[in-house]
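> Just to be clear, the model below is a prediction. Sequence and coordinates:
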Protein chains: 2
Amino acid sequence: MVLMRQEIGDVLRDFRLQKGRTLRQVAGEASVALGYLSEVERGQKEASSEILAAVADALDTPLSVIMGEVSERLAVVEGLSLPMPTRVPDTIPAELVSGYAAELVS
Amino acid sequence: MVLMRQEIGDVLRDFRLQKGRTLRQVAGEASVALGYLSEVERGQKEASSEILAAVADALDTPLSVIMGEVSERLAVVEGLSLPMPTRVPDTIPAELVSGYAAELVS
């Protein structure tokens, strides 16, 4: 079963790290307990809609952007799309290509 | 404050009606109390990740598709995109065009 809180947690953590913010900073700005936000990021707690809105606000990121990213990752988990590479290397080692191709046909 | 449970509720109801299913049918298939699902659809209760997954399953709709629609509606509420028209009329009454144009510049 695909659990949304796991994807939400991953996305919140990724956006936070991308912006170079600490858990403490974001929790403080969102008026959320640090331990609670940490559990949300690890997919162990469901965030209420109010807390999600406050954390999105603290991350200066619209909730629609966060949930768009969650939707895309859910699609990958559900096998509806392939993950987007975050960067394209100049050269791809042959063994990686064949390994990936092997995964696709297995 | 934009509340995600409101958008999730609206989307779940719209998908259900689009498929011509009753609350009772979907609640039964998802093993969720009818009153609870009704409150989720009205944005009055937060659905846990497990319940969301079960309801998506009962609606034969991937969770990624549901959350993609939620993200798009959040973007409209957040003023990041305009709502998509569900159909384009053959002719648009002039007073509607000017009304819409007036809204855009106000």
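Looks like it came in fine. Numbering: from 1, shown residues only, chains lettered A, B, ... in the order given.

> Every contact and neighbour count from this point should use C-alpha atoms.
Fine.

> near chain B, which residues of chain A?
Within chain A, the positions adjacent to chain B are A:1-5, A:46, A:48-50, A:53, A:62-68, A:70-75, A:78 by Cα under 8 Å from any Cα of the partner chain.

> Quick one: buried ones out of those residues?
A:2-5, A:46, A:48-49, A:53, A:62-68, A:70-75 (16 or more other Cα atoms under 10 Å in any protein chain shown).

> From these, which land in helices?
Judged by DSSP state H, the subset of those located in helices is A:4-5, A:49, A:53, A:63-68, A:70-75.

> In those, find the pair that's most separated.
With distances taken as Cα to Cα, the most widely separated pair in those is A:A53 and A:A75, at 22.8 Å.

> List the residue ranges of chain A that fall below the pLDDT cut-off.
A:84-106 (pLDDT under 70).

> so where do the helices sit in it?
In chain order, chain A shows helices spanning A:4-18, A:23-30, A:34-41, A:49-58, A:63-77, A:94-105, with DSSP H as the criterion.

> So which residues make contact with the fifth one?
To tie it back to what came earlier, the one meant is helix A:63-77. Surrounding helix A:63-77, the residues in contact under the criterion Cα atoms under 8 Å, 6 or more residues apart in numbering or on different chains are A:2, A:4, A:7-8, A:11-12, A:52-53, A:56-57, A:81-83, B:62-68, B:70-75, B:78.

> now the angle between helix A:4-18 and it, please.
With axes from the mean of the first three to the mean of the last three Cα atoms, to 10 degrees applied, the angle from helix A:63-77 to helix A:4-18 works out at 120 degrees.

> any idea which of the helices of chain A is most buried?
Scoring these by mean neighbour count under mean count of other Cα atoms under 10 Å in any protein chain shown gives helix A:63-77 as the most buried, with a mean of 21.

> Measure how far that one is from the centre of its chain, please.
8 Å (Cα atoms, centre = their mean, to the nearest Å).
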